[in-house]
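> Next input, structure requested:
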Amino acid sequence: MSRLSIVIAPEPVLKRSADPIERVDDEVRRLMDDMLDTMRTANGIGLAAPQVGDLRRVIVVDVSLPEDKPQPYRMANPELVWRSDETSTGEEGCLSLPDHYADVTRPARVRVRYRDEDNQVQELEADGILARCIQHEMDHLEGILFVDHISSIRRDMILRKLSKTKKQQASAAE
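Alright, predicted model coming up:
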């Protein structure tokens, strides 16, 4: 496994829709494994392929606690087949928007259909942090960031700060 570079907003790739994959093969499995390694190294609980510059419909999620046994989900072409009417509001952050957090309201429970690492179709019903994380990562596949769910004033402020930080880092590297 190898670590991939996480794309930091604002970058155009994060606002593009990802393309479906035809099947999970060795190349896609390697991407899934590399994404899990990258996510864990960054202390994240989810990662979508666009966040590492890859525009394929692949996400990985593992919301287990560090002291627990890992429970990773590798999902290709995930689609929500059911959402609860009940909603839940909780704080979200993102590896592509480091050090920024906001409350986001989402369906409390979801059922997702996807292809696993063996190219088998699976369905998973999730609630709590797992449901929130799956929805957050699936948003990335549509070019949606968690800040797109908050006020435009707050979103613009966060994106301006990230842009300024990137420019400062680029200047320091020269």
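> Which strand or helix spans the residue most central in space within the chain?
Centroid check for the chain by CA atoms, centre = their mean gives Glu137 as the closest residue, at 3.0 Å. Taking DSSP states H and E as the definition, Glu137 sits inside helix 128-140.
> next one: Asp99
Using DSSP H and E, Asp99 sits in strand 97-107.
> coming back round to it: contacts for the helix holding Glu137 next, please.
14, 18, 45-51, 59-61, 63, 73, 75, 78, 80, 88, 90, 92, 94, 96, 104, 106-110, 112, 124, 126, 145-146, 148 (CB atoms under 8 Å, 6 or more residues apart in numbering). (Glycine included, C-beta is placed from N, CA and C.)
> In PyMOL, select just the buried ones from these.
In PyMOL, this line selects whichever of these come out buried by 16 or more other CB atoms under 10 Å:
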select buried, resi 14+18+45+46+47+48+49+50+51+59+60+61+63+73+75+78+88+92+94+96+104+106+107+108+109+110+112+124+126+145+146
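> what about the protein, any weak spots by pLDDT?
Applying pLDDT under 70 to the chain picks out residues 1.
> Pop out the phi and psi values for the residue lying closest to Pro72 once chain neighbours are set aside.
Of all residues not flanking Pro72 in the chain, Asp62 sits nearest, at 4.2 Å (CB to CB, 6 or more residues apart in numbering). Note on Asp62: backbone dihedrals following degrees, to the nearest 10 are phi -150, psi 100.
> Could you number the chain from 18 rather than 1 from now on?
Sure, I'll start counting at 18 from here, so that last one is Asp79.
> doesn't Thr55 make contact with Asp79?
No. Using CB atoms under 8 Å, Asp79 makes no contact with Thr55, being 12.0 Å away.
> need the helices for this structure, in chain order.
For the chain, the helices defined by DSSP state H occupy 43-58, 145-157, 169-190.
> who wins for proximity to Asn136 among those?
helix 43-58 (8.6 Å; CB to CB).
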